[in-house]
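Novice: Structure for this input, please:
(one chain, ligands or ions: 1)
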Amino acid sequence: MTTILRTWDLTKVYEDKEIVSSVNMEIKQGEIYGFLGPNGAGKTTVMKMITNLVKPTAGEIEFAGEKMTHRSYDMLKRMGSIIEYPVFYDKLSARENLALHGEYMGFYDANAIEEALELVKLRAVDSKPVKNFSLGMKQRLGIARAVMTKPELLILDEPINGLDPLGIKELREVFRMLSRDYGMTLLISSHILGEIEQIADTIGVIREGVLVEQVAMDTIRSQQTQYIELVTSECTKAVFVLEGKLGLRNYKVLDPRTIRVYEDIPQLELSRALSAAEVELESMSKKHHSLEDHFVELMGGVNHV
Ligand SMILES: Nc1ncnc2c1ncn2[C@@H]1O[C@H](COP(=O)(O)OP(=O)(O)OP(=O)(O)O)[C@@H](O)[C@H]1O
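Specialist: Numbering: from 1, shown residues only. Predicted coordinates for the structure are as follows:
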């Protein structure tokens, strides 16, 4: 897979504070790249630097093999973006807004407008003034505007924020379609893992301005391990059984009441050994080390990465 966007030590300092620190990001052509991180981690700032809205303090950005500068207007035309909330002319209709944007971008194509409206399922309401649109409809119109010029890279900052579950599902479908049918590359930021994990091919996790992980989702999925979780008020006694009676070494005491056993041992054998030693169990269950666990660990115990 070829790389469409790469950043080299991308850094932004605001008022002596490093907001983005030496970020080396690599986005492959045609993939959906999920950009995850808690609020304030620096996602928007990275996206603003890529789209030339903010000047990097240091580092470089390479798009389709060429280095970007603040005058790379042709390159910027090959990107579409929604950073923060999309703003429209409220009294104009969806179609008029798109037409105006097309003219402004030096790209007026009536077919492209129709196609973009169709894609985000706004054809039925395309003559209504945008002021009557819901948040979800405005987000979809923003996407129509960003994709109507057929960008190679689409950059979306928290596009799912504030949407209801149906709106989220519809947008996911649009993202998949853009990637699958149009071969578009998508960079999508979010602070909620669940929104991203279902659609992303690669995930980049940013924390306090540092890219702490960049990995293919397939790799993460293949690393998910199984374990048996024991909950008991007699942890010390239970550990004695695991080590002394069963000879197990690969386990972890998570807290004073929870033990995770990573070794491949039948649950029946485990429960028999524990009950023979009169260890009272509250529960025993087989679990997966989920993607969420992985990110919670990565983000230092924050549930919403
Ligand atoms: N123009 C600015 N001047 C000073 N500080 C800024 C500026 N823009 C952003 N910041 C700070 O940089 C940090 C990162 O902000 P950024 O918006 O990039 O984070 P984010 O990961 O996108 O979070 P959110 O999801 O909340 O937007 C924040 O602490 C923010 O206050």
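
Novice: And the contacts of stretch 236-254?
Specialist: Here stretch 236-254 makes contact (C-beta atoms under 8 Å, 6 or more residues apart in numbering) with 230, 232, 235, 259-263, 265, 269-270, 273-274, 276-279. For every residue, glycine as well, the C-beta is placed using N, CA and C.

Novice: mind redoing it with 7 Å?
Specialist: Contacts to stretch 236-254, defined as C-beta atoms under 7 Å, 6 or more residues apart in numbering, come from residues 230, 232, 235, 259-263, 265, 273-274, 277, 279.

Novice: Could you dump the residues you listed into JSON lines and include pLDDT?
Specialist: Output for the contacts of stretch 236-254, formatted as JSON lines (pLDDT from 0 to 100):
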{"residue": "230", "pLDDT": "96"}
{"residue": "232", "pLDDT": "96"}
{"residue": "235", "pLDDT": "95"}
{"residue": "259", "pLDDT": "95"}
{"residue": "260", "pLDDT": "92"}
{"residue": "261", "pLDDT": "93"}
{"residue": "262", "pLDDT": "88"}
{"residue": "263", "pLDDT": "89"}
{"residue": "265", "pLDDT": "92"}
{"residue": "273", "pLDDT": "96"}
{"residue": "274", "pLDDT": "96"}
{"residue": "277", "pLDDT": "96"}
{"residue": "279", "pLDDT": "96"}
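
Novice: Report the buried members of those.
Specialist: 230, 232, 235, 259, 260, 261, 265, 273, 274, 279 (16 or more other C-beta atoms under 10 Å).

Novice: Tell me the one of those residues nearest residue 157?
Specialist: residue 260 (36.8 Å; C-beta to C-beta).

Novice: Now name the helix or strand holding that closest one.
Specialist: strand 258-261 (DSSP states H and E).

Novice: hang on, the earlier thing: of the buried ones among the contacts of stretch 236-254, closest to residue 87?
Specialist: Closest to residue 87, out of all of these and judged by C-beta to C-beta, is residue 260, at 48.9 Å.

Novice: Just to check, the closest one is in contact with residue 225?
Specialist: No. With contacts counted by C-beta atoms under 7 Å, residue 260 stays clear of residue 225, the gap being 9.6 Å.

Novice: before we move on, back to that, could you tell me which of the buried ones among the contacts of stretch 236-254 belong to helices?
Specialist: 235, 273, 274 (DSSP state H).

Novice: Run a quick neighbour tally on the residue in the stretch 101-250 of the chain that the ligand sits nearest to.
Specialist: Residue nearest to the ligand within the stretch 101-250 of the chain: residue 191 (5.4 Å; C-beta to the nearest ligand atom). The local packing of residue 191 (other C-beta atoms under 10 Å) involves 19 other residues.

Novice: Please apply the same query to the one 4 residues further on.
Specialist: Each residue near residue 195 was counted by other C-beta under 10 Å, and the total is 21.

Novice: in the helix or strand hosting it, what counts as buried?
Specialist: Using DSSP H and E, residue 195 falls within helix 193-197. Residues of helix 193-197 classed as buried: 193, 195, 196, 197 (neighbour count, 16+ other C-beta under 10 Å).

Novice: In those residues, which has the lowest confidence score?
Specialist: Scanning the buried residues of helix 193-197 for pLDDT, the smallest score is found at residue 195, 79.

Novice: Let me see the contact set for the nearest residue to that one once chain neighbours are set aside.
Specialist: Distance criterion C-beta to C-beta, 6 or more residues apart in numbering; nearest residue to residue 195, sequence neighbours excluded, is residue 160 at 5.1 Å. Shown in contact with residue 160 (C-beta under 7 Å, 6+ apart): 168, 171, 190, 195.

Novice: Contacts only, for the first one.
Specialist: What it means is residue 168. So residue 168 contacts 160, 195 (C-beta under 7 Å, 6+ apart).

Novice: Check it and give its pLDDT.
Specialist: 86.

Novice: Then the second one?
Specialist: Looking at residue 171, its pLDDT stands at 88.

Novice: I'd assumed residue 161 was in contact with it.
Specialist: No. Counting by C-beta under 7 Å, residue 171 sits too far from residue 161 to count as a contact (10.8 Å).

Novice: what about these two, which has more around it?
Specialist: residue 171 (22 against 16).

Novice: Now do the buried residues in the helix or strand in which that one is found.
Specialist: Counting by DSSP H and E, the element that carries residue 171 is helix 165-182. Neighbour-count burial for helix 165-182, counted by 16+ other C-beta under 10 Å, picks out 167, 168, 170, 171, 172, 174, 175, 178, 179.

Novice: Can I get that helix in CSV, CA atoms only?
Specialist: Output of helix 165-182 as CSV, limited to C-alpha atoms (Å, rounded to 0.1, in the frame of the first residue of the first chain):
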residue,chain,number,x,y,z
PRO,A,165,-27.3,6.2,17.3
LEU,A,166,-29.1,6.2,14.0
GLY,A,167,-27.2,9.2,12.8
ILE,A,168,-23.9,7.5,13.8
LYS,A,169,-24.9,4.3,11.9
GLU,A,170,-25.8,6.3,8.8
LEU,A,171,-22.5,8.1,8.9
ARG,A,172,-20.5,4.9,9.3
GLU,A,173,-22.1,3.6,6.2
VAL,A,174,-21.1,6.7,4.3
PHE,A,175,-17.5,6.4,5.5
ARG,A,176,-17.4,2.7,4.4
MET,A,177,-18.8,3.6,1.0
LEU,A,178,-16.4,6.4,0.5
SER,A,179,-13.5,4.1,1.2
ARG,A,180,-14.8,1.1,-0.6
ASP,A,181,-16.5,2.6,-3.7
TYR,A,182,-14.6,5.8,-4.1
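
Novice: Many thanks, we can stop here.
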